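[1] Pasting the sequence and the predicted coordinates here, then a few questions.
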2 protein chains.
Amino acid sequence: MDQTGETRRDPRRGRTRRALLDAALELVEKKDNFTALSLRLVARKAGVVPTAFYRHFPDMDALGLALVDESFRTLRQLMRDVRAVGLPQKQVISTSVQTYVRYVRDNARHFQFVAKERFSGSQPIRTAIRQEIRLFTSELATDLSRIPFLAKVSAEDLQMMASLVVNNMTSLTEQILDIPVDDRAEEAFLARVAEKQLRLIFLGAASWRSQP
Amino acid sequence: MDQTGETRRDPRRGRTRRALLDAALELVEKKDNFTALSLRLVARKAGVVPTAFYRHFPDMDALGLALVDESFRTLRQLMRDVRAVGLPQKQVISTSVQTYVRYVRDNARHFQFVAKERFSGSQPIRTAIRQEIRLFTSELATDLSRIPFLAKVSAEDLQMMASLVVNNMTSLTEQILDIPVDDRAEEAFLARVAEKQLRLIFLGAASWRSQP
DNA sequence: CACCAATGTCAACACCTGTACACAAAGTTA
DNA sequence: TAACTTTGTGTACAGGTGTTGACATTGGTG
């Protein structure tokens, strides 16, 4: 709630709220977990007294959910941009992977957070993330349905293919996050493998026959 | 260390060590995390005073590493059994998935632990898990190399295909763990989707040409 | 300006944590 | 049995935790 800040007008509100979110993101990198963070630690990092935390979030879970929201909002924005640009058809896979890798690097902290909390977070956070991924997969499925050679594929199988793609992009994401930021060689290698994997998937999809 | 217990002969040793491991596994289900567990909590659940913990593990991380070891040891055993049986060729994918799903269910707590700690665990635990998965993937790659229609595929591409398969088995695992144990219908659905995904992958692999 | 709600601060609470140390019980070996 | 090593217990400490309530400051609105 209160994302737009149209009702609360105190400029401090937005600032320390941001400070809390950023503090949490930074600490997730240092500590192992979001769950491992304490309210006091986050408040300290944000340069604010513990009790001030409650002015912005009822508890840590609420802050976590805000981070989930933020993470996927920007990701959806990327998807929208890619769709708008359209596909250069030939190297669509290669350029998509390149774009995505760069995007992951640019938003590393958010992706780090999501990757970590996806399975080990609190139950509300986990379901929020799963819901977002489900949605993302469905959108991809409808994108796939527009590809000519997939016209005859059943809705269920499109969903199956989409989740196949999402799984492997997810895996790529987590591998990218696991290598040091300056290791461009390893990054390029991972990207190349991911490209091949996508190409193989589409190769299989092209000769796929949905059962009635 | 001391896995076989050949040097230490006190029968209590093995028992409370097991109790600690089991306590941790149970608590990982209830709490969100292994990192979220405290030494005292685990000791309490194991029916032992906190300081007794140190008789078996120097710290929580050591206990976690023991759990990683345990988890993958049993998984490797499964793989060995499957390999020994050989492949009935025709429904190899279907039966493999069935076997695997049952196995995940039977060892749910270990898989749960691995899934959660894979990204959010402490650094030593994360690298231990990653190492095991890497090994697992390589073994699968050599298995793939024995398939006739993959004879011409380069080593790098075999590795690429193996990781594709592992990624999707991983994803299947995590989805299985996320549904209630009694929901056999959803379980069957997930298995069916996973089968299709594997079939699609092999379809793509069959027409894959490695570049020189 | 004065008012008022929003935001931030301070002090205090009851509780949980990891770990050190000295000691008791149990099991093995001579 | 007696000597020993291993395993488990009890106590204690210093420090971190979430949340409380009363208070101070700030900033927009009349």
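    Done, it's in.

[2] can you count the residues close to A:Asp59?
    By other Cβ atoms under 10 Å in any protein chain shown, 11 other residues sit near A:Asp59. Every residue, glycine included, has its C-beta placed from N, CA and C.

[3] what do you get for A:Val42?
    A:Val42 has 26 neighbours, counted by other Cβ under 10 Å.

[4] cool, the one 4 residues further on as well?
    Counted by other Cβ under 10 Å, the residues lying close to A:Ala46 total 23.

[5] Kindly report the same for A:Ile179.
    Neighbours of A:Ile179 using other Cβ under 10 Å come to 14.

[6] Would you mind finding the longest helix in chain A?
    Looking across chain A with DSSP state H, the single longest helix is helix A:60-85.

[7] Name the residues of that helix that are buried.
    Buried residues in helix A:60-85, counted by 16 or more other Cβ atoms under 10 Å in any protein chain shown: A:60-61, A:63-68, A:70-72, A:75, A:82.

[8] Give me the pLDDT value at A:Pro88.
    On the pLDDT scale, A:Pro88 is placed at 65.

[9] thinking again about what came up before, and DNA strand D, which of the buried residues of helix A:60-85 contact it?
    A:Met60 (Cβ under 7 Å from any atom of the strand).

[10] about what we covered before: let me know the average pLDDT across the longest helix of chain A.
    Per-residue scores along helix A:60-85 average to 93.

[11] How about the residues of chain A by chain B?
    With Cβ under 8 Å from any Cβ of the partner chain as the criterion, chain A comes near chain B at residues A:32-33, A:35-36, A:115-123, A:130, A:157, A:160-161, A:163-164, A:167-168, A:170-171, A:174, A:178, A:193, A:196-197, A:200-205, A:207-208.

[12] Could you list which of those belong to helices?
    Counting by DSSP H, these contribute A:115-120, A:123, A:130, A:157, A:160-161, A:163-164, A:167-168, A:170-171, A:174, A:178, A:193, A:196-197, A:200-205 to helices.

[13] Would you mind listing which of the residues you listed are buried?
    A:115-120, A:157, A:160-161, A:163-164, A:167-168, A:170-171, A:174, A:193, A:196-197, A:200-205.

[14] For A:Phe57, give me its contacts.
    A:Leu20, A:Leu63, A:Ala66 (Cβ atoms under 8 Å, 6 or more residues apart in numbering or on different chains).

[15] quick check, nearest of those residues to chain B?
    Here the nearest of those to chain B, counting by Cβ to the nearest Cβ, is A:Leu63; it sits at 15.2 Å.

[16] Please name the spatially closest residue to the closest one (chain neighbours excluded).
    Leaving aside its sequence neighbours, A:Leu63 sits nearest to A:Phe57 (Cβ to Cβ, 6 or more residues apart in numbering or on different chains; 4.6 Å).

[17] Assign that neighbour to helix, strand or coil.
    Secondary structure state of A:Phe57, per DSSP: H, G, I helix; E, B strand; the rest coil, is coil.

[18] how about it, phi and psi?
    Note on A:Phe57: its backbone torsions stand at phi -140, psi 140 [degrees, to the nearest 10].

[19] hang on, the earlier thing: possible to save the contacts of A:Phe57 as TSV with distance to DNA strand C?
    Output for the contacts of A:Phe57, formatted as TSV (distance: Cβ to the nearest atom of the strand, whole Å):
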residue	distance to DNA strand C
A:Leu20	9
A:Leu63	13
A:Ala66	15
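
[20] domain ranges for chain A?
    If you go by automatic domain parsing, the domain ranges for chain A are A:8-57, A:60-206.

[21] TSV please, covering these and showing distance to B:Thr137.
    Formatted as TSV, the domains of chain A follow (distance: least, Cβ to Cβ, whole Å):
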stretch	distance to B:Thr137
domain A:8-57	24
domain A:60-206	11
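
[22] Kindly state which of the ones you listed is positioned closest to B:Ala151.
    The closest of the domains of chain A to B:Ala151 is domain A:60-206. By Cβ to Cβ, the value is 16.8 Å.

[23] how long is the closest one from one end to the other?
    Domain A:60-206 has an end-to-end distance of 46 Å (criterion: Cα to Cα, to the nearest Å).

[24] Spit out the contact partners of the residue in chain A that chain B sits nearest to.
    In chain A, no residue comes nearer to chain B than A:Gly204, which is 3.0 Å away by Cβ to the nearest Cβ. Counting by Cβ under 8 Å, 6+ apart, A:Gly204 touches B:Leu200, B:Ile201, B:Phe202, B:Leu203, B:Gly204, B:Ala205.

[25] who touches the strand or helix carrying A:Arg17?
    Using DSSP states H and E, the element containing A:Arg17 is helix A:11-30. Defining contact as Cβ under 8 Å, 6+ apart, one finds that helix A:11-30 is touched by A:5, A:34, A:37, A:41-43, A:45-48, A:52-53, A:55-57, A:63-64, A:66-67, A:70, A:109-110, A:112-113, A:116.

[26] buried stuff in the next helix or strand after it?
    On the C-terminal side of helix A:11-30, the closest following helix or strand by DSSP H and E is helix A:39-45. Using 16+ other Cβ under 10 Å as the test for burial, helix A:39-45 gives A:Leu39, A:Leu41, A:Val42, A:Ala43, A:Lys45.

[27] anything in helix A:39-45 near DNA strand C?
    No: for helix A:39-45, no contact with DNA strand C is found by Cβ under 7 Å from any atom of the strand; the gap never falls below 7.8 Å.

[28] wait, does that helix make contact with DNA strand D?
    Yes: on the criterion Cβ under 7 Å from any atom of the strand, helix A:39-45 is in touch with DNA strand D at A:Leu39, A:Arg40, A:Leu41.

[29] could those residues be laid out in JSON lines, adding pLDDT?
    Formatted as JSON lines, these follow (pLDDT from 0 to 100):
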{"residue": "A:Leu39", "pLDDT": "98"}
{"residue": "A:Arg40", "pLDDT": "98"}
{"residue": "A:Leu41", "pLDDT": "98"}
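
[30] ok, so of these, who is nearest DNA strand C?
    A:Arg40 (8.9 Å; Cβ to the nearest atom of the strand).

[31] what's the spacing between that closest one and A:Ser120?
    21 Å (Cβ to Cβ, to the nearest Å).

[32] same deal with A:Glu187?
    25 Å.
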